[in-house]
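>>> Pasting the sequence and the predicted model now:
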Amino acid sequence: MRFRRVARSAPALTLLVTALGAVASAGGGVVVYQAQQRMLAQAVEHRVALIESAVRGETGRYLAALRSVAAAAGAFDTLTAVKFGELAGPLRSAGMPGVTSIAFFVPATDEQVGPVQQQWRQRGAPGLVLHPVGTGREHIFSIFSEPFDGVTAAATGIDVTQAAAPTAALLQARDTGTVAVSDTYQLIRDMRLPPAQRQQSFVLTAPVYAVPDPAAPVPPTGAGPPDADPAHAAGRDDASAFRGWVLMGLRGQDFIGGTLQQITQGSADVTLQAVAADGRLDSVAALEAPSRRARTIRRDVEVTVAQRRWRLHLDIISAGLPGAGPAHVATTGAGLGLTALVAALVAVLATGRRRADARIAAATAQLRAAETEAREQAGLLTAVLDSVSDGVGVVDERGAFLLHNPAAQAMLGVDDRDGPHEWQAHYGLFHADGVTPFPADELPLTRALRGQSSTEVPMVVRNSANPDGIVITVSARPLHPTAGRPGAVAVFHDVTARTAAERQLADATDRLRRELDRRLSAEADLRAARDDLAAQQQYLREVLDTIDVTVVTCGTDGLLVHANRAARAALPDSAGPLDIVAAARQLRFTHPDGSAFTDAETPLARALRGEHVDGVEAHVVHADGTRHVTMLHARPLHGPDGRITGAVASSYSITALREREAELTAFAGIVAHDLKSPLSVITSYTDLLHQDLAERGDTEHADLLDRVLITARRMSRLIDDLLGYAAARDATLSTTPVELGALVEEVVTERLAAAGVPGTPPPQICVGPLPTLHADPALLRQLFDNLIGNAVKYTPPGRPGQVTITAEPHGDGHVRIVVADRGIGIPDGQHDAIFTGFHRAHRAAGYTGTGLGLAICQRVVHRHGGTITATDNPGGGARFTVTLPTTSATEQPTAGAPDARPHHTTTR
Ligand code: ADP
């Protein structure tokens, strides 16, 4: 504004001087004097404006630089000492007189001192030691410091709150969210200087926020008063993003001296004072002109710097200024020409010089603005490149790296190597297989230098920095000269983790597919096996249904599982699962002697208890009311672990067999009975005739009759056995307590009496203690007579029989009686067959007999509900084991019966 005013007034002044010279040279002296006074006033104004503009411009430039550093510092995710040095360092060459240092400060409470120190040590200040002053309040520590003047040491760790002036500025900057300037104070180093050399210092500070607000960029230097920027004047709401301060220390004298020396040109003493809040004036700096000439003009100008008012006090030496010549110089005799000349000169000086100054000032401001903008953009670009995780590299047209960001450095790993032909070996670049070297000509950047773009080319980087290799994709584009410089740019994207994850996914998918195939195949096998099983089951079912043997199975719960056709016909109908015990009751199971089966006696119930049931004869009444005699068998069914899972029972009808047997037995009984009396008549008469012939001495005929008698007696025995066989089956069972010991004793006595074979010692028969049984005494006698008779009979010729008869308790309510001998024994494989009627194992050996004795024994035992078996007697001979039921009243044999010594031995 002043420039324009002065510029407008210059022609008027020229005209005025010319007019005055032309119109009245006579009054020239007075007029010239007045003109000189006005020139002087204008010169003073001009000088003052220059000084004010210089101070305002310079402080604005300093503040803009400070803001740039603060904004760039905030743009880093992690501010480190190196990055701060890179931000603040370039200001050294920006021509900023008076700056002693630029430092980064952070706040910390007492508790935070340790963590803060640790945090910043990790960020490039390894020797940082924080020195808090006082307790119970907030401290503000210098973390990084860049000294500027070669005098100030890099002071870090210092708690600035011990200095009131900078502290107040820091707090103000944080509260308002914009730059602040401090009151002046004296540095310690100034205190040590002689008073004449001491300076006042002050600080400029700007808050650092984590995320710069793109809507409120820092205004370029010279674009207006920095503190008039609304975005900054409004302060920051986001206190959480506050990170600290950037602080610029200035020595007032150096600042003002460097700035104003040139502008004042020794024509004024300048004092810069800061106006305190209470109106007090603090001296910032003073510049004294070397001239001793009188200071005749005083001016005070106010300049606002970062919301603070500064006052410029000027004592101007007017003598050196245009128009300041002595008043009497305006002599009337100088003439109009001289006056005009002077006026012209004044005009030229006034307008030309000012126009030039104004252009210079404008150009300078533009330059500074451009420089600031360029720095901000460069800082922003650096911050962005530093913060992105993708690597970026730019090469010139020869392949020399112009820049790369830290991510690119981390991926490629080693120092830049110029020349595409060296890149493969230097950086260790391989195809995606990790083995095949990537041909230099095909590298994306090489192709980009040939003008070809590439997108996401996969490759493996393996070198000393990444010995295990990383997988990256590279996209590259050519840079055209319009971009500033020809060359190429590449973006590197680390896909190691993604590739590994994809591989894991592929592996997992593969595993899943294999597992699925395996399961499908197993399922197919299972289906085939199930179909086979079903077919087999069907086959078995059909086989079972074709036979007339009834087959039923049940589970451990006693419920019927399967019944074949014959069984289904026999069993009663049932709506639900059929219980085998209930079914047995309905079938009315009865023993041959007419007694009913108890529930526990049914074959399936016994098999479920683990017993093997063989050949139990029973009478049953089928569902259709028909009566049958059946032979029952049952077995437990076991699972793979050996545990009982159920039972199977089979039965077949022996009704017809029994009927035929009965008829045959009845017939045999009748025949035997009818043969018995004629035979006894034959025997009696033959015996009489034999005696008669013997008395007469007819031995020849007597021998013939002897043979007849032997045959007749054998026939008589056969008839006896047939009758006994029939009786054993048909005779009514009349049971009574039988003392077995006495009964056996009688049999032994009779046998010994009948066994008188000449030349053969009598048999030894040893009888142990025997119990009392509830049985039919006649049948029991027949049983033991047959067993003992056989034991004595089947001994080798000439050797006496050795027989032992013992008894011992067997299970619940049964006794086991063993008749053992040391005779010729039973041939292999005939131990069961000998119980079949008429089966004789030693026929060829000349032992007489009918083959009916053991069949009679088995009938007797079965009719009493017992069992009989034949085995080899260990040590030689045969052993017959009979189990018979006792009753509760029955006296049991004494303990230790198996090894009992005979208390009664009969030896004849
Ligand atoms: P037998 O009238 O032939 O003795 P059994 O029915 O009593 O008929 O016996 C059948 C067969 O069993 C006999 O012929 C004999 O071969 C054999 N046997 C019976 N008891 C004995 C025994 N104690 N020692 C050896 N064999 C025997």
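That came through fine.

>>> helix or strand for T645, which one?
Using DSSP states H and E, T645 sits in strand 644-653.

>>> So for the residue of the stretch 251-400 of the chain found nearest the ligand, what's the pLDDT?
Nearest to the ligand in the stretch 251-400 of the chain, going by C-beta to the nearest ligand atom, is S389, at a distance of 103.0 Å. All C-beta atoms are positioned from the backbone trio N, CA, C, and that covers glycine. pLDDT recorded at S389 is 80.

>>> Who are the contact partners of the residue nearest to it when sequence neighbours are not counted?
Nearest non-adjacent residue to S389, counting by C-beta to C-beta, 6 or more residues apart in numbering: A407, 5.7 Å away. By C-beta atoms under 8 Å, 6 or more residues apart in numbering, the contact set of A407 is V388, S389, D390, G391, V392, F492, D494.

>>> now those in CSV, with neighbour count, secondary structure and distance to E663?
Shown next, in CSV, are the contacts of A407 (neighbours: other C-beta atoms under 10 Å; DSSP: H, G, I helix; E, B strand; the rest coil; distance: C-beta to C-beta, whole Å):
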residue, neighbour count, secondary structure, distance to E663
V388, 14, coil, 114
S389, 11, coil, 109
D390, 16, coil, 111
G391, 22, strand, 113
V392, 17, strand, 117
F492, 26, strand, 111
D494, 19, strand, 105
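
>>> Can you add distance to T546 and give those residues back as CSV?
Listed next are the contacts of A407 as CSV, based on distance: C-beta to C-beta, whole Å:
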residue, distance to T546
V388, 87
S389, 82
D390, 83
G391, 86
V392, 89
F492, 83
D494, 78
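
>>> Of all pairs in the residues you listed, which one is the farthest apart?
V392 and D494 (12.7 Å; C-beta to C-beta).

>>> circling back: would you quantify the distance from the residue nearest to S389 to R368?
Distance from A407 to R368, counting by C-beta to C-beta, to the nearest Å: 34 Å.

>>> Can you show me the helices along the stretch 101-250 of the chain?
113-122, 164-176, 188-191, 230-233 (DSSP state H, counting those that start in this stretch).

>>> how about those, which one is nearest T886?
For the helices of the stretch 101-250 of the chain, the distance to T886 is smallest for helix 113-122, at 96.8 Å, taking C-beta to C-beta.

>>> Show me which residues of that closest one are buried.
Under the neighbour-count criterion of 16 or more other C-beta atoms under 10 Å, helix 113-122 has V113, V116, Q117, Q119, W120, R121 buried.

>>> Distance from the chain centre to it, please.
Mean C-alpha position of helix 113-122 versus that of the full chain (C-alpha atoms, centre = their mean, to the nearest Å) differs by 36 Å.

>>> Give me the helices and strands touching it, please.
strand 99-108, strand 139-147 (3 or more C-beta pairs under 8 Å, 6 or more residues apart in numbering; DSSP states H and E).

>>> follow-up on the earlier one: what is the nearest of the buried residues of helix 113-122 to T806?
Q119 (101.2 Å).

>>> Near the ligand, which residues of the chain are found?
Residues of the chain lying close to the ligand (C-beta under 6 Å from any ligand atom) are 786, 790-791, 794, 821, 823-826, 834, 840-842, 849-855, 878.

>>> switch the cut-off to 5 Å
790-791, 794, 823, 826, 834, 840-842, 849-851, 853-854, 878 (C-beta under 5 Å from any ligand atom).

>>> Could you pick out the longest strand of the protein?
Assignment by DSSP state E gives strand 627-638 as the longest strand of the chain.

>>> which one in the chain is furthest away from the centre?
R696 (120.3 Å; C-alpha atoms, centre = their mean).

>>> and that one, what is it in contact with?
Taking C-beta under 8 Å, 6+ apart, one finds nothing in contact with R696.

>>> Tell me the spacing between it and the ligand.
According to C-beta to the nearest ligand atom, to the nearest Å, R696 stands 37 Å off from the ligand.

>>> mind checking how far that residue is from T645?
Counting by C-beta to C-beta - R696 and T645 are separated by 82 Å.

>>> okay, now F104: neighbour count?
Counted with other C-beta atoms under 10 Å, the neighbours of F104 add up to 27.

>>> What residue, apart from its backbone neighbours, is nearest the single nearest residue of the stretch 451-600 of the chain relative to the ligand spatially?
Nearest residue of the stretch 451-600 of the chain to the ligand: P592, at 20.7 Å (C-beta to the nearest ligand atom). Closest residue to P592 apart from its sequence neighbours, by C-beta to C-beta, 6+ apart: E617 at 5.4 Å.

>>> Look at the one you found and report its pLDDT.
The model's pLDDT for E617 equals 86.

>>> contacting residues around V395?
Contacts of V395 by C-beta under 8 Å, 6+ apart are F401, L402, L445, L449, G487, A488, V489, A490.

>>> Checking my notes, it in a strand, right?
Yes: counting by DSSP: H, G, I helix; E, B strand; the rest coil, V395 falls inside a strand.

>>> Which stretches in the stretch 301-450 of the chain count as helices?
Remark: helices assigned in the stretch 301-450 of the chain by DSSP H, counting those that start in this stretch are 335-347, 353-387, 406-412, 420-427, 444-449.

>>> per-domain residue ranges of this structure.
2-58+323-387, 391-494, 507-659, 675-730, 732-904 (automatic domain parsing).

>>> now the helices and strands packed on helix 113-122 in JSON lines, with mean pLDDT?
Shown next, in JSON lines, are the helices and strands packed on helix 113-122 (pLDDT from 0 to 100):
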{"stretch": "strand 99-108", "mean pLDDT": "92"}
{"stretch": "strand 139-147", "mean pLDDT": "91"}
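
>>> Just the pLDDT at G235, thanks.
41.

>>> now swap in the one 3 residues further on and tell me
The confidence metric pLDDT takes the value 49 at D238.

>>> Beyond the one helix or strand V561 maps to, next helix or strand please.
Following DSSP H and E, one finds V561 within strand 560-563. Where DSSP H and E defines the elements, the next helix or strand beyond strand 560-563 is helix 565-570.

>>> Tell me the spacing between the closest residue to W120 other than its chain neighbours and V44.
Using C-beta to C-beta, 6+ apart and skipping residues adjacent in sequence, the residue nearest W120 is I143, 5.0 Å away. Distance, I143 to V44, using C-beta to C-beta: 47 Å.

>>> can you tell me which residues contact I102?
Applying C-beta under 8 Å, 6+ apart, we find I102 in contact with L66, V69, A88, L91, S145, E146, F148, V246, L247, M248, G249.

>>> re earlier: gap between the strand holding V561 and the chain center?
50 Å.

>>> can you check stretch 831-847 too?
78 Å.

>>> distance between the ends of that stretch?
Separation of the first and last residues of stretch 831-847 by C-alpha to C-alpha, to the nearest Å is 18 Å.

>>> Spell out the secondary structure type for G789.
G789 is classified as helix under three-state DSSP.

>>> Comparing the helices of the stretch 301-450 of the chain, which comes out most buried?
Ranked by average neighbour count under the criterion mean count of other C-beta atoms under 10 Å, these are headed by helix 444-449 at a mean of 22.

>>> mind exporting that one as PDB, just the C-alpha atoms?
Provided in PDB are the C-alpha atoms of helix 444-449 (Å, rounded to 0.1, in the frame of the first residue of the first chain):
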ATOM      1  CA  PRO A 444       9.800 -55.600 -15.800                       C
ATOM      2  CA  LEU A 445      12.000 -52.500 -15.300                       C
ATOM      3  CA  THR A 446      14.200 -53.500 -18.300                       C
ATOM      4  CA  ARG A 447      11.100 -53.900 -20.400                       C
ATOM      5  CA  ALA A 448       9.700 -50.600 -19.100                       C
ATOM      6  CA  LEU A 449      13.000 -48.900 -20.300                       C
END
